[in-house]
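Engineer: sequence first, predicted coordinates after that:
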Amino acid sequence: MTVRAWPAGAPTVRSAAVVAAGVTGVTAVFQLALALGAPWGQAAYGGAVAELPRELRVSSAVAAIVWPLVGLVVLRRAGWRVWAPLPAAALPVASWGIVGLAGLAVVLNAITRSPLERAVWLPVCLVLFTTTLIVARGAGRRHSRGSSTSARTP
């Protein structure tokens, strides 16, 4: 069975990037709310407490900054003309790193003791994993083909 890869900029890859960016945006808003004291701790950090202690609120504040940057990296890798916090040469490695982190998030949210956290974040993380995988594979194949094609002599 052959798996078809999509070139970066193809509708599927670009659409997947938009969905991934939306997921990172929603996640950033959730983390910001936690950092500001929203009593949603049972849906985060293992669900041990409703209101997060100071250390976890600081962690959520950092996450609220990082998640939008992750979304920008994914969008840029898919061919959208947006600013990204990394140089273009670092985007392929960063994209695969994001896929790996999303995969880890799937596992951690699948095994959490918090039923609320699992119910909310497992599907979200599955969407993030799937969409970032589509972007990383699709964009990576285009660049691989492009570099081997450009190496040919006419």
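Structural biologist: Ah, there it is. Quick caveat, the model's predicted, so the values are computed rather than measured. Numbering: from 1, shown residues only.
Engineer: report all helices and strands that the host helix or strand of residue 94 contacts.
Structural biologist: Here residue 94 is covered by helix 91-111, with elements defined by DSSP states H and E. On a contact count with 3 or more Cβ pairs under 8 Å, 6 or more residues apart in numbering; DSSP states H and E, helix 91-111 meets helix 54-77, helix 115-150. Glycine gets a C-beta too; all of them are placed from N, C-alpha and C.
Engineer: out of these, which is closest to residue 42?
Structural biologist: Ranking those by proximity to residue 42 (Cβ to Cβ) places helix 115-150 first, at 5.1 Å.
Engineer: just the mean pLDDT for the closest one, thanks.
Structural biologist: Per-residue pLDDT over helix 115-150 has a mean of 81.
Engineer: so what's the residue count around the nearest residue to residue 72 once chain neighbours are set aside?
Structural biologist: Nearest non-adjacent residue to residue 72, counting by Cβ to Cβ, 6 or more residues apart in numbering: residue 84, 4.8 Å away. Neighbours of residue 84 under the rule other Cβ atoms under 10 Å: 19.
Engineer: wait, what's in contact with residue 84?
Structural biologist: 69, 72-73, 75-77, 91 (Cβ atoms under 8 Å, 6 or more residues apart in numbering).
Engineer: go again using 7 Å as the cut-off
Structural biologist: 72-73, 76, 91 (Cβ atoms under 7 Å, 6 or more residues apart in numbering).
Engineer: any idea how far it is from residue 126?
Structural biologist: Look at residue 84 and residue 126: by Cβ to Cβ, to the nearest Å, they are 24 Å apart.
Engineer: quick one: contacts for the closest residue to residue 118 other than its chain neighbours?
Structural biologist: Closest residue to residue 118 apart from its sequence neighbours, by Cβ to Cβ, 6+ apart: residue 112 at 5.3 Å. Residues near residue 112 by Cβ under 7 Å, 6+ apart: 46-47, 118.
Engineer: now those residues as a markdown table including neighbour count and distance to residue 20?
Structural biologist: As requested, the contacts of residue 112 are exported to a markdown table (neighbours: other Cβ atoms under 10 Å; distance: Cβ to Cβ, whole Å):
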| residue | neighbour count | distance to residue 20 |
| --- | --- | --- |
| 46 | 12 | 25 |
| 47 | 17 | 25 |
| 118 | 17 | 21 |
